[in-house]
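Asker: Structure for this input, please:
(chains A, B, C and D)
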Number of protein chains: 4
Amino acid sequence: MTDKAVEDWWTTSIIRMEPGVIEFRGHPIQELIGAVSFPQMIWLMLRSDQPSEGQAKLLEAALVASVDHGPQAPSIATARMAITCGVGLNNAMGSAVNVLGDVHGGAGEQLVELFERIDAAGGVPAVPEVLAAFRAEQGKFVPGYGHRFHKDGDPRAPRLLALVDDLVVQGEISGRFAAIARAIEAELARGRSRGVPMNIDGATAVIFAELGFPAPLARGIFCLSRSVGILAHAWEQKQQGGRNKGPMPPSYLWTYRDD
Amino acid sequence: MTDKAVEDWWTTSIIRMEPGVIEFRGHPIQELIGAVSFPQMIWLMLRSDQPSEGQAKLLEAALVASVDHGPQAPSIATARMAITCGVGLNNAMGSAVNVLGDVHGGAGEQLVELFERIDAAGGVPAVPEVLAAFRAEQGKFVPGYGHRFHKDGDPRAPRLLALVDDLVVQGEISGRFAAIARAIEAELARGRSRGVPMNIDGATAVIFAELGFPAPLARGIFCLSRSVGILAHAWEQKQQGGRNKGPMPPSYLWTYRDD
Amino acid sequence: MTDKAVEDWWTTSIIRMEPGVIEFRGHPIQELIGAVSFPQMIWLMLRSDQPSEGQAKLLEAALVASVDHGPQAPSIATARMAITCGVGLNNAMGSAVNVLGDVHGGAGEQLVELFERIDAAGGVPAVPEVLAAFRAEQGKFVPGYGHRFHKDGDPRAPRLLALVDDLVVQGEISGRFAAIARAIEAELARGRSRGVPMNIDGATAVIFAELGFPAPLARGIFCLSRSVGILAHAWEQKQQGGRNKGPMPPSYLWTYRDD
Amino acid sequence: MTDKAVEDWWTTSIIRMEPGVIEFRGHPIQELIGAVSFPQMIWLMLRSDQPSEGQAKLLEAALVASVDHGPQAPSIATARMAITCGVGLNNAMGSAVNVLGDVHGGAGEQLVELFERIDAAGGVPAVPEVLAAFRAEQGKFVPGYGHRFHKDGDPRAPRLLALVDDLVVQGEISGRFAAIARAIEAELARGRSRGVPMNIDGATAVIFAELGFPAPLARGIFCLSRSVGILAHAWEQKQQGGRNKGPMPPSYLWTYRDD
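Answerer: Just a heads-up that it's a prediction; the model follows:
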């Protein structure tokens, strides 16, 4: 006989198993395979409700949009270097996903929190005041706006927002977080010759907020998406070869500064 | 001016960028968002070709099928414990994906290699001989067959194989790896009262081989799929709370063996 | 020719290299090998100054004291499970060190910060006020005091504090953080039938503060120490064998709660 | 009452605990603190025997020698980039230690295995034959010999070997692995104008073999040592600042190759 306290220690509402039986939130796995899309499965695993077709498509767009930003991103460089050190693809992914921290992977989460705060304060009319308070607390930089590389605009953001707008028209999401996001953008541009346009993190934060995901899952879902780019680059590097790839060609040596 | 040797050090065929431009294997990101499914995007990132609709759906089924096998899986337990230690979702994912090694995440890769070896030796007729050689080298256990928990059959495998068969009928995949896989199953059952049925790793290995993915990507794609369960469990644990969750309830202490 | 901007991107004051030359903070490696202890080398790497013999011994005591707290600690369980998944010792260590987060590995860092705050406010006389403010902000629990398992006292703390006291007598450290730590202990015991004695994190925080390490290095050095236990348990598990070790014996299954 | 099968699931011979009691391999922790050096503690955790003073010092020399090889090493670059992504020191360490795989951290392990094979075949006289067989199987490159940067010799190796020789003279180690290592070096130099001198991995492999550590612990102990450099560089980078540090200065972009 087993001790129920031990089994309870690992209680979950996600998955039920018996020999020959695997159910996710009440759905037998064999009824899900071939019937739900991967984004729908992601939704089912993370929440107890289920998305409409349109909502699942919007989540899918966010997943597609964030897969990669190239080898200058530290997560991607990490994955590529890792694979040349003789570890497996799973390890390259482990080291790389791990660095999607507050700075590299947290902007969406921080912005969903800000959206929620503004929403709780009354929505669009509250933007100037809440935004000013946010910047007084946390500094001038607002997560999800501006891009150090795509200075005139991140090509992913307008496309994602267009999809959001479509779904608002179809009545499947409220649109109030998109409105807040645009009001923030307008507020950031006020009195400046050049705006600070929404970037990928801003646009996906709108999507996550519209779909009702809690803020921390903005980061979590981003990690799922970026894992694709991490894997792709690790695999490409594996095929390129190399041993103990450093950040610079071997002819380079770092500068030593005698403090 | 920049040194081209440094730029070449990070050469990639996956992504091209300029300010305002992000292209994946020649496709501008804004043309992919909303147009391709997440599995299609995964395929595009990992390979230079593109799947048919049916092939993408089959990949999607494999992605859906492998998301989770519950808290007794070490990867899931790791993620749940990690989150109670005060690290982020990305870190819980990092520690957990990392352990999808040869034993926990490598069966599909090993089986695709065996499939390829049998295929190169002539396919189904070569199964008895190549399988015997494989088992002589690597031990009796054949990856992708049998399950220590689902002893009478893994409910995911038949459903996945049915989808494979559908696509063979549609002429989109050859079916020769499915045939090899079934021949292995028959060979393993020969002279036994009870067979060793294909499990999830076996069925997804068939899919990856039929779709032309090289063996190491069987593991890589499995990591993408299992990351979903890892994230879901980390997030559920976060909501359940707990601090420094150990593997057993706190009333338990390990056995000390005085060697 | 190389671009100096690239070399400067990786500027460090820790290590200088030329072919045949490796120097750490100005010391050729061959003059350090066999001449400095491992704790002295750790000190040299983390700081630009060098410890006295007694200071190095005190750091060594902290390193020795924190190596392990058994398989109920999530980091240790993670390492043991990881190794059964078919990854290397380095990967088991990676997954495990990674979870030494704010809750599992951060108490020392948090307490050094509190010590510094009390010290800046005038030291021991400021304890009641600063401690009250700290608890008002952060909750009743004070990091470094009390232990959920060693309820009547952590056996490591008194021994470490005795070594601190010895070094104060020898005039090599000031003793003011030890005094603050004891004043906190007294304050926590005030009006209670049973005190909340300093634990290992409390005692090592005293050591790190007395030795002048900034707060974040309390966590960093703890990670170095606990890595030893992580490696030892991973290695022992490797010798014990097992495949995909879950948190409970295989006869156990988690409780499914239908939400 | 608890189920003993659950407690046995986590059986260990490393640590025994009761409230107020922590013992490592039979030694109460308070008797170890202040009495044993950190290397002695590492030895005690990894093995059931205890080193002589001289043996512990030799292990210490290996631990000191391997702490760092600068930011061109992928593990160090990973740690430095990680910290700029907004993760903790423990996470930077986790991502970085993780990549000390077969290529970056495995040379010592591979060489100890070769030493053991030569030793089993009769020692020094067997070097030419076993070495030829090893190279026929695994390629020309012999782990632990030659260095792509320190072409005329790794400054760490002669110093470490001198310490090995001292301990042989004192009768504390046999010296037979040092002899094998030198015979390999001579064999590699035979008929060449320029030798392939032993490097740090070669010299520490001699130490681990002479001290009786099994081959996998050559990698494990290396990970403990390199963790120091990883932490030091993560911490230095933290103080230098930076956000999402890529491998090249931001003015650089990777080369896109249109396949």
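Asker: what separates stretch A:96-116 from the chain centre, distance-wise?
Answerer: Distance of stretch A:96-116 from the chain centroid (CA atoms, centre = their mean, to the nearest Å) equals 7 Å.
Asker: is that stretch up against chain C anywhere?
Answerer: Yes - using CB under 8 Å from any CB of the partner chain, we find that stretch A:96-116 touches chain C at A:Asn98. For the C-beta atoms, the positions are set from N, CA and C on the backbone; glycine is no exception.
Asker: That stretch spans what distance, first to last residue?
Answerer: Using CA to CA, to the nearest Å, one end of stretch A:96-116 lies 29 Å from the other.
Asker: What residues sit buried inside it?
Answerer: A:96-115 (16 or more other CB atoms under 10 Å in any protein chain shown).
Asker: Check the secondary structure at A:Val130 for me.
Answerer: Assigned state for A:Val130: helix (three-state reduction, DSSP: H, G, I helix; E, B strand; the rest coil).
Asker: how about the residue nearest to it when sequence neighbours are not counted, secondary structure?
Answerer: Distance criterion CB to CB, 6 or more residues apart in numbering or on different chains; nearest residue to A:Val130, sequence neighbours excluded, is A:Ile118 at 4.7 Å. Three-state assignment for A:Ile118 (three-state DSSP): helix.
Asker: Please verify my assumption that A:Ser95 contacts C:Ser95.
Answerer: No - counting by CB atoms under 8 Å, A:Ser95 sits too far from C:Ser95 to count as a contact (10.1 Å).
Asker: list residues touching both of these two?
Answerer: By the contact definition CB atoms under 8 Å, 6 or more residues apart in numbering or on different chains, A:Ser95 and C:Ser95 are jointly contacted by B:Gly94, B:Asn98, D:Gly94, D:Asn98.
Asker: List just the nearest of those to C:Pro39.
Answerer: For the shared contacts of A:Ser95 and C:Ser95, the closest approach to C:Pro39 (CB to CB) belongs to D:Gly94, at 22.5 Å.
Asker: Which residues are in contact with that closest one?
Answerer: A:Ser95, A:Asn98, B:Asn91, B:Gly94, B:Ser95, C:Gly94, C:Ser95, C:Ala96, C:Val97, C:Asn98, C:Val99.
Asker: In helices, which of the residues you listed fall?
Answerer: In helices, defined here by DSSP state H, the members of the contacts of D:Gly94 are A:Ser95, B:Asn91, B:Gly94, B:Ser95, C:Gly94, C:Ser95, C:Ala96, C:Val97, C:Asn98.
Asker: Which segments of chain A make up each domain?
Answerer: With domains defined by automatic domain parsing, chain A comprises A:13-50, A:52-245.
Asker: In the ones in helices among the contacts of D:Gly94, find the pair that's most separated.
Answerer: Within the ones in helices among the contacts of D:Gly94, A:Ser95 and C:Ala96 form the most distant pair, 13.7 Å apart (CB to CB).
Asker: For the helix or strand encompassing A:Glu137, name the packing helices and strands.
Answerer: Assigned by DSSP states H and E, A:Glu137 falls within helix A:127-138. On a contact count with 3 or more CB pairs under 8 Å, 6 or more residues apart in numbering or on different chains; DSSP states H and E, helix A:127-138 meets helix A:107-120, helix A:176-189.
Asker: Quick one: closest of those helices to C:Leu167.
Answerer: Comparing those by CB to CB, helix A:107-120 comes nearest, at 44.2 Å.
Asker: Just the residues contacting that closest one, thanks.
Answerer: Residues from elsewhere that reach helix A:107-120 (CB under 8 Å, 6+ apart): A:102, A:124, A:126-127, A:130-131, A:134, A:142-144, A:176-177, A:180-181, A:184, A:201-202, A:204-206, A:208-209, A:213-216, A:218-219, A:222.
Asker: redo that, cut-off 7 Å
Answerer: When contacts are defined by CB atoms under 7 Å, 6 or more residues apart in numbering or on different chains, helix A:107-120 is touched by residues A:126-127, A:130, A:134, A:143-144, A:176-177, A:180-181, A:201-202, A:204-205, A:208-209, A:215-216, A:218-219, A:222.
Asker: repeat for stretch A:60-67
Answerer: Stretch A:60-67 has contacts (CB under 7 Å, 6+ apart) with A:37, A:39, A:156, A:160, A:163, A:200, A:204, A:207, A:221-222, A:224-226, A:228-229, B:29, B:32-34, B:36-38, B:41, B:45.
Asker: for stretch A:191-201, same thing?
Answerer: A:65-66, A:107-108, A:111, A:143-147, A:153-154, A:156-157, A:181, A:185, A:188-189.
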